[in-house]
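**Student:** Just need the structure, nothing else, for what follows:
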Amino acid sequence: MTSRPRPEPVQLVKERRDAALRALVAGVPYIGFLGIVFERRGDELTATLPFDEKLIGNPLLPAIHGGVTASFLEVTAIIELSWTLIWEEMESGRLDPRTLDASHLPRLPKTIDFTIDYLRTGLPRDAYARARVNRSGRRYASVHVEAWQDNRSRLFAQGTGHFLMPGPLHG
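**Tutor:** So this is what the prediction gives:
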């Protein structure tokens, strides 16, 4: 009787997935400049934009600059879309997350258009965002992003983007 190999310990799988996400995020220097970090729970990502004085656009209010808000939403959409692709490849066994590092990353989707709704002032505090992929095909994807600060039900901005998809992750 042949026995099946023992599954890997959950902690090792988690560490590899987290390392793959870190490599994906580190591949975009602007994410580091803004200070955006991503937290993973299973296949769900939450982006955090920690408050920093350099993010203020109007010091009289003070308010987070609209360009920073737009960048935060667009980056969240692109990382979510890329992570969705990487996750599917990892789960199917076609991609070993140990192979992802700064020099071996999949190409990112390219923005076709991105529309932002500024719903209220971005206050001088941490902001959070989550993206949802509405449609993802071989050539095109649509993603919706919502951003909030203190209360998830009180969004300060939301956006919808359309993206040109990169080719397959594996050759």
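**Student:** So which residue is dead centre in the chain?
**Tutor:** When C-alpha atoms, centre = their mean is applied to the chain, the residue found nearest the centroid is I79 (3.0 Å).
**Student:** Need phi/psi at that one.
**Tutor:** phi -70, psi -40 (degrees, to the nearest 10).
**Student:** Please renumber the chain so that the first residue is 832 from this point on.
**Tutor:** In the new count, where the first residue is 832, that last one comes out as I910.
**Student:** Check what pLDDT it gets.
**Tutor:** Per-residue confidence (pLDDT) for I910: 96.
**Student:** now T833
**Tutor:** Predicted confidence (pLDDT) for T833: 65.
**Student:** where does the chain have low pLDDT?
**Tutor:** Low-confidence regions of the chain, defined by pLDDT under 70, span residues 832-833, 839, 932-934, 999-1002.
**Student:** Show me where it has its strands.
**Tutor:** Read by DSSP state E, the chain holds these strands, from start to end of the chain: 868-872, 875-880, 887-889, 894-895, 941-949, 958-967, 971-979, 986-995.
**Student:** mind putting those strands in a markdown table, mean neighbour count and distance to R848 included?
**Tutor:** Quick note: C-beta positions are derived from backbone N, CA and C, even for glycine. Listed next are those as a markdown table, based on neighbours: other C-beta atoms under 10 Å; distance: least, C-beta to C-beta, whole Å:
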| stretch | mean neighbour count | distance to R848 |
| --- | --- | --- |
| strand 868-872 | 14 | 7 |
| strand 875-880 | 19 | 11 |
| strand 887-889 | 14 | 35 |
| strand 894-895 | 23 | 30 |
| strand 941-949 | 13 | 25 |
| strand 958-967 | 18 | 18 |
| strand 971-979 | 20 | 21 |
| strand 986-995 | 19 | 23 |
